[in-house]
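What follows is a predicted structure for the sequence shown.
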Amino acid sequence: MLQVPYSNAVGSLMYAMVCTRPDISHAVGIVSRYMHNPGKGHWQAVKWILRYIQKTMDVGLLFERDDTLGQGVIGYVDSDYAGDLDKRRSTTGYVFTFAGGPISWKSTLQSTVALSTTEAEYMAITEAVKEAIWLQGLLENLGLTQEHINVYCDSQSAIHLTKNQVYHARTKHIDVRFHFVREIVDDGKILLQKIKTAENPADMLTKVVMTIKFKHCLNLINILQV
């Protein structure tokens, strides 16, 4: 493996993923965890990703004006639970769209181990809300006014946790920095809403999904053949 350009290949994939390819975010996030000591299986996975890119060179981000859908920033967030087999940490995934196309996305391991699916989703919402606040400031600098940003999550229990202090007794162990989302939601800057898992495009950023679901997620955020 010392003769294999693993780091160079993963670095190139990360460049593509950050710029225009949110569809490979989850896969690149996994292979990038083993930069220091990759195995043959990891190199095989990198080659699979490269083959996928080679077959989808005509795929791009499509932005279109559609007043019925709204032109503002819309966010989608999701999380798996203990998907990392090495440290049992969960994965946060979110994507924000503007004019129908993705403008910001992320797929990363959470910093601490979540003790429940609700906690994992709650931590993911916090990361998405921080990004939403930054995007809201960016819009203001560009002269665009958006009163609030809708963020969609498929976990009803995590949404309740952001709005209801009664759950506090069961969440005392959660790091304080994750609780700031409650103040943001109370201020009305972010509207957190429920969405069906089948209609949540962030699902592809947190776990391996079936081909049909993967294509559906791409269609939801206008990653299409151009």
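Arrived safely.

just checking, what's the longest helix in this protein?
In terms of residue count, the longest helix belonging to the chain (DSSP state H) is helix 117-141.

Whichever helix or strand comes after that helix pairs with which strands, parallel or anti?
The element immediately downstream of helix 117-141 (helix or strand, assigned by DSSP states H and E) is strand 149-153. In the sheet, strand 149-153 lines up against strand 73-79 (parallel), strand 190-194 (parallel) (DSSP bridges).

and the next helix or strand after strand 149-153, which residues are buried?
Of the helices and strands lying after strand 149-153 in sequence (DSSP H and E), the nearest is helix 156-163. Residues of helix 156-163 classed as buried: 158-159, 161-162 (neighbour count, 16 or more other Cβ atoms under 10 Å). In short, each C-beta sits where N, CA and C put it, glycine included.

mean confidence for stretch 98-118?
In this model, stretch 98-118 carries a mean pLDDT of 91.

thinking again about what came up before, the strands paired with strand 149-153 into JSON lines, with extra columns for mean pLDDT, distance to residue 219 and mean neighbour count?
Supplementary listing: the strands paired with strand 149-153 in JSON lines, determined by pLDDT from 0 to 100; distance: least, Cβ to Cβ, whole Å; neighbours: other Cβ atoms under 10 Å:
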{"stretch": "strand 73-79", "mean pLDDT": "95", "distance to residue 219": "13", "mean neighbour count": "26"}
{"stretch": "strand 190-194", "mean pLDDT": "92", "distance to residue 219": "21", "mean neighbour count": "16"}
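
could I get these as JSON lines with distance to residue 216?
Output for the strands paired with strand 149-153, formatted as JSON lines (distance: least, Cβ to Cβ, whole Å):
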{"stretch": "strand 73-79", "distance to residue 216": "13"}
{"stretch": "strand 190-194", "distance to residue 216": "19"}
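
between the ones you listed, which gets nearest to residue 133?
Taking Cβ to Cβ, strand 190-194 is the member of those nearest to residue 133, at 7.6 Å.

could you dump the closest one to PDB, C-alpha only?
Extracted as PDB, the C-alpha positions of strand 190-194 are listed here (Å, rounded to 0.1, in the frame of the first residue of the first chain):
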ATOM      1  CA  ILE A 190     -35.000  29.100  11.900                       C
ATOM      2  CA  LEU A 191     -38.200  27.100  11.300                       C
ATOM      3  CA  LEU A 192     -37.700  23.400  12.100                       C
ATOM      4  CA  GLN A 193     -40.200  21.200  10.400                       C
ATOM      5  CA  LYS A 194     -40.900  17.500   9.900                       C
END
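
And it, how far out from the chain middle?
Distance, stretch centre to chain centre, for strand 190-194: 16 Å (Cα atoms, centre = their mean, to the nearest Å).

That's all I had, so thanks and see you.
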